[in-house]
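Asker: Show me how the following folds:
(3 chains)
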Amino acid sequence: MADPMKIRAQMKGDTAEIRVLMSHAMETGQRKDNAGATVPAHFIQAITVDVGGKRVIQGQTSTSVSRNPVFGFKVKGAKVGDKVVIHWEDNKGDKRTDEAVIAA
Amino acid sequence: MDALRRTLLKGAGATGAIAAAMAAGVLKPSQVLAAEYNRAAFEAKDVAGALKNIGAGGATDNTGIVIKAPDIAENGAVVPVDVSSNIPNTVSLAVLVDKNPSPLSSAFDFANGALPEMALRLKMGQTSLVEVVAKTADGKFYKAKKEVKVTVGGCGG
Amino acid sequence: MKQRLSTLMVAAVMTASFAAHAQQPAKKAPPPAKAAAPAKKEGITAEFEKFREVLEEDNPAELFEAKGEDIWKNKKGPGGATMAQCDLGLGAGVVKGAYVQMPRWFADVGQVMDAERRIVHCMVKYLGYKEEDIRKQPFSNDQRTPDHVSVITYVAAQSRNLKIAAPQKHAKEIEAYRIGKEIFAYRAGPYDFSCATCHGDDGKRIRTQDLPNLRKPAEAVKAYQGWPGYRMTGGFMLTQQWRMNDCFRQQRFPEPTYLSDSITALLAYMTVTANGQVYKGPGIKR
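Answerer: Numbers count the residues shown, from 1 in each chain, chains lettered A, B, ... in the order given. Got it, this is the predicted structure:
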């Protein structure tokens, strides 16, 4: 079971600033472990962000994104109290959904 | 029409039916995402291949794309990058690291008020150009690039 | 002397300014390389610092902080004991501000303990962790960040923006500081190094990394708040105990036993030196 994300969402003027930290190894598939065996690729490959019930962002990622990924997004027209739902899935089918509420 | 229906990601892989279903809220995100991963673009070994597979082969240079990234990165494992587009009606952004084994790092679509801007952290194996592609709602592609130097480390810090 | 210096320079990949310093007893005048170095250094350091703020703003250390908080608040040991019974020096279960007030004397064990030592002690005592298991692999690697490291990260984060105030009241607290000060300057090993060789003067660095002068409060706090820190290379958390151990390794000293008195003493010296400075950790390091 994947560890929870940390989501921060705050209004700056009429725009919500959303920051998310994800707990993930983001293995490239090119690294070798101490025994010399290749560590298989394991990485988040899809992310969605919903605000106030609407899909605002969808994305796909590769192993070039750093371990324990950090993303920042901006959504205009969101309101204090709107729910932010972030979802990710990796190449092995692990997934995680977390939510936060937009703060003033 | 939902802007997400005109995006970068569905270009190569997805069928119109899935995109329409998503816009209508029929499918769970997991179903949509699994169906759509743009393997051809993300596994391309060079920039040209990656661009072609997101449909951006003909992207033209544009100064409306802003790339905030360090001139010299403290650590290639974590290079903070902030990219945005001032080009009107930008609906998607893709970030590439030219010299990585597979250059395409990420591609994001923006809709329903999301600004075409994102912050993320990249792995960079060596000094390289970071390239950003923007797609507008009318299906045109634009690009910009910035060099980031990757240094050799010191001690434990 | 000359022979030893050249070995030292090659082996440690020190900067020109460092080598110049090593010769200091003989000659005070710096070579031209030293005059040229600062301009370049400032450019790189300024560039690093600009993006350091971006990195610090969203520090993945928070992910480990959350894990540590969960263990601290929810994990139960044998008989239902929890970390709410753990006294970090400010009373049972009090976390806020505790981190920046250690090392301190703990009467229940009759020892001066640094934060890591105290937290491990409590996790063994209340949560049923086995000390020998923790000692087998006390530090994180890219496969695993041990539970106690996450708890340390949580406890440290509860002192963010508070002033460092390690006590110097009990005779043993004062003694720990004195011993730490002595170890800091103690030269030995195949390279005749001491902690002070790298961290006892201003303006030194290894490659692109600035080395804080740990004799000064404003510099000691930089090292102090770096750890526990998120290590960008590998993406895991490392603690002050690890940092101290690694300095010994880099000096080619035998590595100290985990949670040893000498490391607590060094931490007492560094923390007391940083007293009065505001703690901004947990850190994020290259």
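Asker: Let me know how buried C:K130 is, in neighbour terms.
Answerer: Neighbour count for C:K130, taken as other Cβ atoms under 10 Å in any protein chain shown: 10. (Glycine included, C-beta is placed from N, CA and C.)
Asker: Leaving aside the residues adjacent along the chain, what's closest to it?
Answerer: For C:K130, ignoring the flanking residues on the chain, the nearest one in space by Cβ to Cβ, 6 or more residues apart in numbering or on different chains is C:V124 at 7.1 Å.
Asker: Over to C:Y129?
Answerer: With Cβ to Cβ, 6+ apart, the residue lying closest to C:Y129 is C:M123, at 4.5 Å.
Asker: Helix or strand: which one has the one you found?
Answerer: Assigned by DSSP states H and E, C:M123 belongs to helix C:115-127.
Asker: any idea how far the nearest residue to B:A40 once chain neighbours are set aside is from chain A?
Answerer: Excluding its sequence neighbours, the residue lying closest to B:A40 (Cβ to Cβ, 6+ apart) is B:N53, at 4.3 Å. In this view, B:N53 and chain A are 12 Å apart by Cβ to the nearest Cβ, to the nearest Å.
Asker: From B:K135, how far out is B:N53?
Answerer: Distance check for B:N53 against B:K135: by Cβ to Cβ, to the nearest Å, it reads 13 Å.
Asker: Next: C:Q240.
Answerer: 48 Å.
Asker: for the chain, which spans come out with low pLDDT?
Answerer: Since you didn't name a chain, this refers to chain A. For chain A, residues meeting the criterion pLDDT under 70 lie at A:1.
Asker: That was the other one, I meant chain C.
Answerer: C:1-42.
Asker: Show me the strands in it, by range?
Answerer: Under the criterion DSSP state E, chain C contains strands at C:104-106, C:111-113, C:204-206, C:209-211, C:229-231, C:236-238, C:283-285.
Asker: okay, those strands, which one's buried deepest?
Answerer: Comparing these by mean neighbour count (mean count of other Cβ atoms under 10 Å in any protein chain shown), strand C:229-231 comes out on top with a mean of 26.
Asker: Looking from chain A, tell me which residue of the stretch 51-200 of chain C is nearest.
Answerer: Proximity to chain A, evaluated over the stretch 51-200 of chain C using Cβ to the nearest Cβ, is greatest for C:P60 at 4.0 Å.
Asker: measure that residue to A:D3 for me?
Answerer: With Cβ to Cβ as the criterion, C:P60 and A:D3 are 11 Å apart.
Asker: Compare those two (neighbour count), which wins?
Answerer: More crowded of C:P60 and A:D3, by other Cβ under 10 Å: C:P60, with 27 against 16.
Asker: For that one, grab phi and psi.
Answerer: Dihedral angles of C:P60 (phi, psi; degrees, to the nearest 10) stand at phi -60, psi -10.
Asker: Tell me the residues of chain A that contact chain B?
Answerer: Residues of chain A found near chain B (Cβ under 8 Å from any Cβ of the partner chain) are A:15, A:19, A:26, A:28, A:30, A:45-49, A:51, A:54-67, A:69-78, A:87, A:89, A:93, A:95.
Asker: if we go to 6 Å?
Answerer: Counting by Cβ under 6 Å from any Cβ of the partner chain, the residues of chain A close to chain B are A:45-46, A:48, A:54, A:56-62, A:64-66, A:70-77, A:87, A:89.
Asker: just the helices in chain B please.
Answerer: B:10-13, B:16-23, B:29-36, B:39-42, B:47-53 (DSSP state H).
Asker: for the fourth one, packing partners?
Answerer: Going back to what we said before, that points to helix B:39-42. The contact analysis (3 or more Cβ pairs under 6 Å, 6 or more residues apart in numbering or on different chains; DSSP states H and E) places helix B:39-42 against helix B:47-53.
Asker: The helix it packs on: which residues count as buried?
Answerer: Across helix B:47-53, burial judged by 16 or more other Cβ atoms under 10 Å in any protein chain shown covers B:47, B:49-53.
Asker: would JSON lines of the residues you listed with pLDDT be doable?
Answerer: Compiled in JSON lines, these are given as follows (pLDDT from 0 to 100):
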{"residue": "B:V47", "pLDDT": "96"}
{"residue": "B:G49", "pLDDT": "96"}
{"residue": "B:A50", "pLDDT": "96"}
{"residue": "B:L51", "pLDDT": "96"}
{"residue": "B:K52", "pLDDT": "95"}
{"residue": "B:N53", "pLDDT": "94"}
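Asker: isn't C:D142 right up against C:G234?
Answerer: Yes: assessed by Cβ atoms under 6 Å, C:D142 is found in contact with C:G234 at 4.0 Å.
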